[in-house]
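Visitor: Okay, structure incoming, though there's no sequence with it:
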């Protein structure tokens with residue numbers, strides 16, 4: 001009797017993709033490198049699973065010189081694309097961290113594997129992602145891999161910080177004017193002269209845009225480079241952004257910068273201190289003009305000068321309400337923390353404080369005796385002091401005709417700082433700058449470097465902040481005996497609307513108040529209340545136009561006045577206008 005042979009079921013064909021990775025390019029040029037070693041070990045493991053139908057695919061998924069902290073790797077992207085195309089059943093790696101060192105990235109990759117029913121195997125760690133225990137163990141291992149990567153990164157950052165504090169060059173592309181020799185920056189003569197030329201021309205032209213155009217006409221281009229593969233780069237016309245960076249690059253002063261702190265470098269400086277200082281002054285002046293708007297109707301004249309009574313710098317700010325722009329100077333902590341208690345900072349109407357400072361400085365410039373005394377420590381001869389007095393008076397006469405950019409430049413040069421005290425505003429003035437700013441040809445770009453040891457005088461103005469409805473106003477005790485400040489725009493608009501309503505009534509040809517109110521889109525009661533304001537005393541209107549009304553007399557209070565007396569003296573008494 002013949003025995004029946006028992007046939008075993010044939011194992012299914014499992015297509016295995018081998019993925020390899022190495023973080024650095026070091027050693028990849030060798031005949032047998034790390035990637036080859038990883039692949040050979042994976043192929044041997046796949047061969048041991050031949051009875052399960054495993055077979056290695058011929059495609060190479062090798063990422064040499066790519067970090068495991070990112071998924072932006074060409075071979076990994078090809079691997080994922082082939083998985084999505086249904087060409088792979090199993091992904092084999094030497095160790096889990098070859099695939100990724102990020103737990104978040106791994107979760108996304110495994111999600112792709114699961115969606116396409118692809119298994120994942122690490123040959124040295126025996127993982128199988130098809131089981132819950134395998135997933136748990138794998139996630140724990142990846143957490144430690146990510147931790148190791150982060151600790152390594154911290155060590156590298158600490159080493160770089162320590163090296164830069166010693167002034168060492170820590171790699172990267174050397175800027176125009178330098179080359180790298182023995183891991184140190186050395187000056188390239190011709191390029192260094194180009195850098196100095198760019199600095200000097202910017203100082204003469206006063207504009208990066210004009211400088212860029214001149215450099216293009218002259219054929220001056222960026223640094224030309226040749227990488228280790230022989231590929232050329234650079235040699236292009238300078239962009240404006242690149243020029244701004246070059247003009248502020250402290251490497252040219254022989255320094256190394258780390259996290260906005262500069263340290264003396266091991267390399268030589270290309271730009272001397274005088275040229276560097278003048279360029280930085282010009283850059284700062286142009287930066288203020290761009291920030292505050294040279295042609296703006298409401299420019300921030302005192303940007304960078306104001307400080308509150310706690311010594312904090314006050315920054316220009318604004319708010320838009322119903323199409324109207326309101327400008328302020330605000331303490332730094334209010335900008336950072338929102339609106340804490342009032343004692344923690346100040347918020348001052350910009351127009352009020354700017355008018356105060358302008359008026360006080362102009363009054364000082366007109367005061368011959370005050371100017372003569374102020375410049376005595378900086379001008380030895382009487383004739384020199386008299387010349388400064390004459391120049392100061394001429395500047396005060398020309399002031400109103402000057403453009404905003406010139407006014408701003410003069411104030412920034414003349415004033416050291418302004419302190420907003422509880423009851424006064426104190427303006428610290430530099431007398432040595434009077435003759436300079438009074439010159440009709442004055443320009444901030446041509447100023448010499450400021451000396452912190454200059455003689456300083458303080459101009460003090462009695463002034464206080466006071467709440468007026470929802471607003472805060474700066475009340476200034478002027479020579480006329482009453483509060484003097486910038487006219488309130490909201491109140492002026494209210495008076496203008498009252499006059500408009502009166503004109504409508506006079507030309508109404510028998511229309512009722514309700515019909516007129518409907519024409520302008522307001523209620524009858526509002527129309528009637530505002531109309532009454534057209535019969536205000538001329539003295540009240542004059543006080544509002546000159547900004548001399550009480551701070552409490554806001555637009556809101558006026559608009560809510562239901563029963564104003566018809567007699568003008570009584571109106572002035574009710575509204576608190578003497």
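Guide: Perfect, I can see it now. These figures come from a predicted structure and were not determined experimentally.

Visitor: Spatially, what comes nearest to residue 399 if we skip its sequence neighbours?
Guide: residue 362 (5.9 Å; CB to CB, 6 or more residues apart in numbering). Using the backbone N, CA and C atoms, a C-beta is placed for each residue, glycine as well.

Visitor: Hmm, the one you found is touching residue 396, no?
Guide: Yes: the pair residue 362 / residue 396 is scored as a contact, 4.8 Å apart, by CB atoms under 8 Å.

Visitor: can you count the residues close to the residue nearest to residue 399?
Guide: Close neighbours of residue 362, defined as other CB atoms under 10 Å, add up to 16.

Visitor: Stretch 205-225: end-to-end distance?
Guide: In stretch 205-225, first residue to last residue: 29 Å (CA to CA, to the nearest Å).

Visitor: Check which residues of that stretch are buried.
Guide: For stretch 205-225, burial by neighbour count (16 or more other CB atoms under 10 Å) applies to 205, 206, 208, 211, 212, 214, 215, 222, 223.

Visitor: Before we move on, what's the pLDDT of the last one?
Guide: This means residue 223. Looking at residue 223, its pLDDT is 85.

Visitor: ok, the nearest residue to it once chain neighbours are set aside - contacts?
Guide: Nearest residue to residue 223, sequence neighbours excluded (CB to CB, 6+ apart): residue 176, at 4.2 Å. Neighbouring residues of residue 176 by CB atoms under 8 Å, 6 or more residues apart in numbering: 191, 194, 195, 222, 223, 246.

Visitor: Against residue 44, how distant is residue 176?
Guide: 53 Å (CB to CB, to the nearest Å).

Visitor: how does the protein divide up, domain by domain?
Guide: 14-150, 178-271, 306-476, 489-575 (automatic domain parsing).

Visitor: Apart from its neighbours in sequence, what residue is nearest residue 64?
Guide: Nearest to residue 64 is residue 28, by CB to CB, 6+ apart, at 4.7 Å.

Visitor: State the helix or strand in which the one you found lies.
Guide: Using DSSP states H and E, no element contains residue 28; it sits outside every helix and strand.

Visitor: Surely it and residue 63 touch.
Guide: No: judged on CB under 8 Å, residue 28 makes no contact with residue 63 at a distance of 10.7 Å.

Visitor: ok, these two, which is more surrounded?
Guide: residue 63 (21 against 14).

Visitor: May I have the beta-bridge partners of that one?
Guide: Beta-bridge partners for residue 63, by DSSP bridges, are residue 21.

Visitor: just for the stretch 201-350 of the chain, where's the confidence low?
Guide: The stretch 201-350 of the chain contains residues with pLDDT under 70 at 228-229, 258-262, 285-299, 321-324, 335-344.

Visitor: what about the strands in it?
Guide: 224-226, 232-234, 255-258, 261-264, 306-307, 314-321, 324-331, 347-349 (DSSP state E, counting those that start in this stretch).

Visitor: With respect to burial, which of those strands scores highest?
Guide: Compared across the strands of the stretch 201-350 of the chain, strand 306-307 shows the largest average neighbour count, a mean of 24 (mean count of other CB atoms under 10 Å).

Visitor: what helices or strands is that strand leaning on?
Guide: Under the contact criterion of 3 or more CB pairs under 8 Å, 6 or more residues apart in numbering; DSSP states H and E, strand 306-307 touches strand 415-420.

Visitor: Would you give the sheet partners of whichever helix or strand comes after the strand it packs on, along with the direction of each?
Guide: Once strand 415-420 ends, the next helix or strand along the chain (criterion: DSSP H and E) is strand 424-429. Applying DSSP bridges to the sheet, strand 424-429 is found paired with strand 415-420 (antiparallel), strand 457-468 (antiparallel).

Visitor: Let me know the helix or strand that residue 515 is in.
Guide: helix 513-520.

Visitor: How about the next helix or strand along the chain from that helix, which residues are buried there?
Guide: Note on helix 513-520: by DSSP H and E, the next helix or strand toward the C-terminus is helix 524-532. Neighbour-count burial for helix 524-532 flags 527, 528, 529, 530, 531, 532 (criterion: 16+ other CB under 10 Å).

Visitor: Now render those residues as TSV, adding pLDDT and distance to residue 97.
Guide: TSV is the format used below for these (pLDDT from 0 to 100; distance: CB to CB, whole Å):
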residue	pLDDT	distance to residue 97
527	86	77
528	85	80
529	85	76
530	86	75
531	85	80
532	84	81
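
Visitor: any idea which of these is closest to residue 391?
Guide: For the buried residues of helix 524-532, the closest approach to residue 391 (CB to CB) belongs to residue 530, at 50.4 Å.

Visitor: so the closest one touches residue 497, yeah?
Guide: Yes: if you go by CB under 8 Å, residue 530 and residue 497 touch, sitting 5.7 Å apart.

Visitor: Might you calculate how far whatever helix or strand residue 196 lives in sits from the centre of the chain?
Guide: Assessed by DSSP H and E, residue 196 sits inside helix 189-205. Put simply, helix 189-205 sits 27 Å off its chain's centre (CA atoms, centre = their mean, to the nearest Å).
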